[in-house]
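J.: what's the 3D shape of this:
(2 chains)
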Amino acid sequence: MPKDTSIQSILVIGSGPIVIGQAAEFDYSGTQGCRALKEEGYKVILVNNNPATIMTDEVNADIVYFEPLTVSSVEKIIAKERPDGMIGTLGGQTGLNLAFQLHEAGVLDKYNVKLLGTPIESIKKGEDREEFRALMMELSEPVPESQIVHTVDEAVEFANEVGFPLIIRPAYTLGGTGGGIADTLEEFKELVKGGLDESPITQCLIEKSIAGYKEVEYEVMRDHNDTCITICNMENIDPVGIHTGDSIVVAPSQTLTDVEYQMLRTASIKIISALGIIGGCNIQFALDPVSKNYYLIEVNPRVSRSSALASKATGYPIAKIAAKLAVGYTLDELLNPVTGGTYASFEPALDYVVVKFPRFPFDKFPTVEDTLGTQMKATGEVMAIDTNLERAIQKAVSSLESDNIGITVKKISAKSDEELLALMKKGNEGRFFAIIELLRRGLSIEELHLLTKMDLFFLQSFKTIVDLETQIKKTALDEISVDFMKTIKEKGFSDGYLAFLLNVTEFEVREKRKQIGVLPSYRMVDTCAAEFESQTSYFYSSYFGKSEVVPTTNEKVLIVGSGPIRIGQGIEFDYSSVHGILSLQEEGYETLLINNNPETVSTDFEVADRLYFEPLTLEDVLNVIEAENVSKVLVQYGGQTAINLAKDLEAAGVTLLGINNDVIDQLEDRDRFYKLLEEIDVPHLPGKIAYNEEELVIMANELGFPILIRPSYVIGGKGMVVINHEGELVQFINKQIDIGFPILLDAYAPGKEFEIDLVADGDKILIPTIVEHVEKAGVHSGDSHAILPAVSLSNVDKKEVEEFARKIVSKLHFVGLMNIQFVQHKEKIYVLEVNPRASRTVPIVSKVTGIPMVQLATKLLIGNKLSDVTATSGLLPDPPFFTVKYPVFSTHKIGGDPLVGPEMKSTGEGISIADTVEEGFTKVFHSYLESKPAGKEIFIDVDESMNPDEVGKIVSLVQKANLTPVLNDDIKTWVRSEKALAYFSFSVDKESEKSRALACKNRIQVFSNTEMITVFLQVVNQREFSVCSVQDWKNKDFLKKEVMS
Amino acid sequence: MKGYLFLENGEKFEGNLMTSSMKETFEGEVVFYTGMTGYQEVLTDPSYKNQIVVFTYPLIGNYGINEHDFESKKPHVAGVILLECNPTAYHYESKYSLKQYLEKWNIPLLSHADTRSIVKQIRHHGTMQGYLAYDDTNKIEMVAEKFPVADVSTKTIVSYGTGKTHIVLMDFGCKKSIVESLVERGFTVTVVPYDTSYEKVLELKPDGIVLSNGPGDPKQLQPHLIKIKKLLENFPTLAICLGHQLVALALGGDTKKLRFGHRGANQPVLDVVKNKVYITSQNHSYVVDEESLKNTSLTVRFKNVNDGSVEGIAHKSLPILSVQFHPEAHPGPIDSSWIFDDFADSLSIVRREKQYA
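T.: Numbering: from 1, shown residues only, chains lettered A, B, ... in the order given. Here you go, the predicted model:
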């Protein structure tokens, strides 16, 4: 049946700010979904308060609301826009829950909005454990022995019946939040309590643990005509017990016979059909490794992280097709966009292996244990494709940009046998590298199998890598034969890792390899194993077989992507990469993108003209440049990942657009940076570089406390600390295991922070607006709340900011995007930091000012002057509305202290737009306050470091807000009381750290600075706000200007 | 040892050749299978007789060879080409590694070959004859097609199952899973050689007939078409793959060769009666020509979604269900296994009619 013509406008619900368990994958699926709907001629109305997304661009949606994702907020939007239909299955668990709640609250009926795609009944059946279990019984699909509980007592009763280990799964949560495996009653009670708190319906499923089984997932699609297909299956190398988002995953399954593969496929189809899903669905099974017994673990009746991975792994655009199924199409009516000649109703055949590795944030939380379980902790992931498993694994590992060099992690290699064996017992971040190290030390795969329950097939593959590594270590670069080089390259030893193993430089390895003619070939991802001719240009490298890439003679630019999502380098860089591509295409260039993140829009094969799914290493980038005859490379949009490649790329003779290594170095090398600023008479805070501990102490005293210290060349303020006195400094030195010298020290000025993003043509600049941080300097800009346009700067200050920026740009002859951070301390403005690249705030500034910064910058990068591309320049006048940017944390999933400081900890951000700053903040706290209707108490944790005047001021603010200040209470009982509303403490002592973590775990809003608690108390009683689309805001701006002129 | 695949069009591909036989070269029609699992079933499916199979999935042999998943008593392929052959198999059911198994049956294995490039050759030039050899100079002339059905059909009459309803299965190279699918539904199945006479079949007093899958060009079975036509006119019939092509030929239709056939576990087929799409397992080079059905009493029941080719036919009045794909799966999805249920239903209807008559 063709599309539904009874509807004209569709409301799409996005997934909101990025948190662990719900990340960039929903921007990818949301963008695909919105585009698919627009392609069909529908008017798309989107609500998503995540500004860093591509789906919230006007090209993808007709009307965009950056409003809270709550029932009352969305109801306002529905009342205003009166959409005919709504889709909730593209916005992750947030979208699904919201669709469900809107239905339950009668909003959909009231406004006659038709829920498209998977019907409410199906969502209910898939999401409500009780209904789901009943349905599975009916279908005779096995589910593990389990019980739904609503209280801890009920759970304990069940535990006494069936014994441990038990899995706790809270209902309606994302990424399995609040769940876990318990081996003892103690652990069990704690987890059940946490799980019940986490679940919006206070319901948990307690399940007999089947840890150790093979974990296999299927991505299934169904149309309203009941045609069901599986897009792909995936096998977790980590057996059941570790969340699939935290597992190393391969696609397709490797160790299942056809009988097993088909048995689970048949079950998947039976389930999706019985649930009545229209669109995509993810189904997870546990398969006994020594029999045909299996259990169903989970069903996600929507597009998911796994469906994004499956789309990239196969080339099949699940979200796009799901959106079309939602408006009435059937699978056999839709063309397969990869081949262009076959239909969407078929199952992809892969002729390669795909490996996914999770990227964890533990580097940002050094005090938190990296133990993995059923609660997801990874912030992002990397994917690698190759014709053999060994290289796919090594490519994925090279893509991680973690503390590993190839398959070696120095701190793991330094561990004793006992320590390594201890790592085998539970899932943890380093387990893969520990297995590799144990194999090096001669442990057999059988022994490792007993310890880890990983399939011997995978362990054998790891061993193949280790055996080759042993051989490599025994030889020298000039002794390597052509055949051996072919073998080790085919199996994935990167030039960089070979250089490490052979103690030579990467350039030496590269030269030798090229000289003996060992070159990569590029193979196509075509969904059909070459059975049909394909239209797409989606490639991966292999050191085996004939290459399928034929370079065109078009003028082309290679865009280097930003790799896995991690704290400090998130989806905003994907936003810039994608816009870079789009504007280069507009200018007539052929665009090539290299990236390794399967969750993103940039790696959608329909975005760039050619997509290379590769690690972001020098070898892989240079290889693409050579295979494609690329003359221009763009590194400004790929975050620090791409910037870090600049030096080596330049050394290899590559032309970088708009930037060169000398500029990067002048900005990143403190000495040179300060010299530069002094030359142009731009003030900076005094700073020094210490090369050892002794110097560190001397220089700190010279500068005078407080000081800010940090290692050079870092992402997201990693390792940054504010030190208040010498005692703290000594403590800091003693606490660190490995201080990476040189260390930068700066005088710390606790003033107001500002930042700007600008577009420059080497001389002229355009600054759309100034962003003001709410928190004082010392809190990482990524973790600060911010207001656009700045409200505290005088016109003179603004002129000065503009002037400083202009000076820096002309001095460096800088072209492209630049981010500059300032601090105002005692009336004086200092430059803190200059980043010669797209920043986190670029998407926000672009969206709310309407200045497409990346597009403009790209046009300048290819040689235009600012005056050629826009009539405006300098600092633009303020828009007549305010935007508040707020950070979103996933600390409750990872654990640890939610204290904000110089090291970034947030995983995502949201914005709200309003007439006043107050209304903006009302929207920021709206969903939290709505979830705490009885919250009346603010816990103020006082300690001696706090100024009594300041405490008094806060107490009176609390009272003024008609709330009760709690100064002395048992924090453990308080956090569980209904009256608990917020917790305030900024002390760095251990007790406060624990209390903050406890409050955070109990979902109590934590404040760790006076600025934000003050703002909170100002708006805490403001529940009213109005909704307005970003398009309408801009019209208001336009009207204002009309009136003025 | 280094070895080579030579294709009819002169292309040569290098790999590591392993054979245990003294023979120098191994020839066959080179075809490719796109399923990612199911190599054991493919190797032992008699329809692959005389064919050199290229596996497009690069890692083959991961779960070894077990004792349950054979489609016949021995492998029938003329050779195997793949990228990586897993030397050891750790699956709990595995009895042999793939390599051991192929060695045991003297089947040559060319590993570490650029399978994707071979597939692209076949895609461009159509299915070709080819051979595997240690010598890298092309000197052998390609041999014309043989008559493989005679080699793979049963030599004796064998019965399976204990059901009341009796099916005679005419074996052109039958897969074990077809027999099992029928026995599971409560039939007694008597498997007879492909050249069994009509009279002999009558003596067995069947309630229904199954025409099995098998290798090669259906037109090689020209001499048997009269017999098949008589069976179709007198018994409810289910025909699969080669059997399906024989139904068309026997009732006045024609068959033609596809450029490179359908082999895999992901072929979408539209049932024009139910208006639903099923993902099917397929293995065929020949196909019923839709044009040729115009003046017959046959109608198209199933169509391939991708290329529109005929995937199944029905008769305007007789109880014939004839499919090009493999409802018995193994390898591949069982989405269309209801074909066997429909066949069972048609038998009970006919039986009831007979009883009432």
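
J.: mind listing what the most centrally placed residue in chain A touches?
T.: Centroid-nearest residue in chain A: A:Ile565, 3.8 Å away (criterion: C-alpha atoms, centre = their mean). Each residue near A:Ile565 by C-beta atoms under 8 Å, 6 or more residues apart in numbering or on different chains is listed here: A:18, A:23-24, A:359, A:379-381, A:571, A:597, A:599. The way it works is simple: take the backbone N, C-alpha and C, and place the C-beta from them, glycine included.

J.: output these as CSV; include the columns secondary structure and pLDDT.
T.: What follows is the contacts of A:Ile565, written out as CSV (DSSP: H, G, I helix; E, B strand; the rest coil; pLDDT from 0 to 100):
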residue, secondary structure, pLDDT
A:Ile18, coil, 94
A:Ala23, coil, 89
A:Ala24, coil, 91
A:Arg359, strand, 96
A:Thr379, coil, 95
A:Gly380, strand, 95
A:Glu381, strand, 97
A:Ile571, coil, 93
A:Asn597, coil, 97
A:Glu599, coil, 96
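
J.: what's the closest of those to A:Ser402?
T.: The closest of these to A:Ser402 turns out to be A:Arg359 (C-beta to C-beta; 6.9 Å).

J.: per-residue pLDDT, the closest residue to the closest one other than its chain neighbours?
T.: Nearest residue to A:Arg359, sequence neighbours excluded (C-beta to C-beta, 6 or more residues apart in numbering or on different chains): A:Pro564, at 3.9 Å. For A:Pro564, the pLDDT comes out at 96.

J.: the helices in the stretch 1-150 of chain B, which residues?
T.: B:39-44, B:98-104, B:115-125, B:149-152 (DSSP state H, counting those that start in this stretch).

J.: oh, I was asking about the stretch 151-300 of chain B
T.: Going by DSSP H, counting those that start in this stretch, the stretch 151-300 of chain B shows helices at B:176-184, B:198-203, B:225-234, B:242-250.

J.: pick the most buried one from the ones you listed.
T.: Sort the helices of the stretch 151-300 of chain B by mean neighbour count, taking mean count of other C-beta atoms under 10 Å in any protein chain shown, and helix B:242-250 sits at the top with a mean of 27.

J.: between the helices of the stretch 1-150 of chain B, which one is nearest to chain A?
T.: Closest to chain A of these is helix B:115-125 (C-beta to the nearest C-beta; 4.3 Å).

J.: what's in contact with that closest one?
T.: A:351, A:523, A:529-533, A:545-546, B:5, B:7-9, B:11, B:13, B:30-32, B:54-56, B:58, B:81-83, B:128, B:259-260.

J.: and which of the contacts of A:Ile565 is nearest chain B?
T.: A:Glu381 (22.0 Å).

J.: the closest one contacts A:Val354, correct?
T.: No: contact criterion C-beta atoms under 8 Å: A:Glu381 and A:Val354 do not qualify, at 11.6 Å.

J.: higher neighbour count, those two?
T.: A:Glu381 (30 against 27; other C-beta atoms under 10 Å in any protein chain shown).

J.: measure the more buried one to A:Val220 for me?
T.: 21 Å (C-beta to C-beta, to the nearest Å).

J.: next up, the contacts around the residue nearest to A:Arg837 when sequence neighbours are not counted.
T.: Residue nearest to A:Arg837 in three dimensions, not counting chain neighbours: A:Gln636, with 4.7 Å by C-beta to C-beta, 6+ apart. Shown in contact with A:Gln636 (C-beta under 8 Å, 6+ apart): A:576, A:580, A:642-643, A:657-659, A:816-817, A:836-838, A:857, A:861.

J.: need the residues you listed in JSON lines (columns: secondary structure, neighbour count and pLDDT).
T.: Below are those laid out as JSON lines (DSSP: H, G, I helix; E, B strand; the rest coil; neighbours: other C-beta atoms under 10 Å in any protein chain shown; pLDDT from 0 to 100):
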{"residue": "A:Ser576", "secondary structure": "helix", "neighbour count": "32", "pLDDT": "94"}
{"residue": "A:Gly580", "secondary structure": "helix", "neighbour count": "29", "pLDDT": "96"}
{"residue": "A:Ala642", "secondary structure": "helix", "neighbour count": "28", "pLDDT": "93"}
{"residue": "A:Ile643", "secondary structure": "helix", "neighbour count": "25", "pLDDT": "91"}
{"residue": "A:Leu657", "secondary structure": "coil", "neighbour count": "22", "pLDDT": "92"}
{"residue": "A:Gly658", "secondary structure": "coil", "neighbour count": "24", "pLDDT": "86"}
{"residue": "A:Ile659", "secondary structure": "coil", "neighbour count": "24", "pLDDT": "86"}
{"residue": "A:Gly816", "secondary structure": "strand", "neighbour count": "27", "pLDDT": "95"}
{"residue": "A:Leu817", "secondary structure": "strand", "neighbour count": "28", "pLDDT": "96"}
{"residue": "A:Pro836", "secondary structure": "coil", "neighbour count": "25", "pLDDT": "92"}
{"residue": "A:Arg837", "secondary structure": "coil", "neighbour count": "24", "pLDDT": "91"}
{"residue": "A:Ala838", "secondary structure": "coil", "neighbour count": "29", "pLDDT": "90"}
{"residue": "A:Ala857", "secondary structure": "helix", "neighbour count": "32", "pLDDT": "97"}
{"residue": "A:Leu861", "secondary structure": "helix", "neighbour count": "26", "pLDDT": "95"}
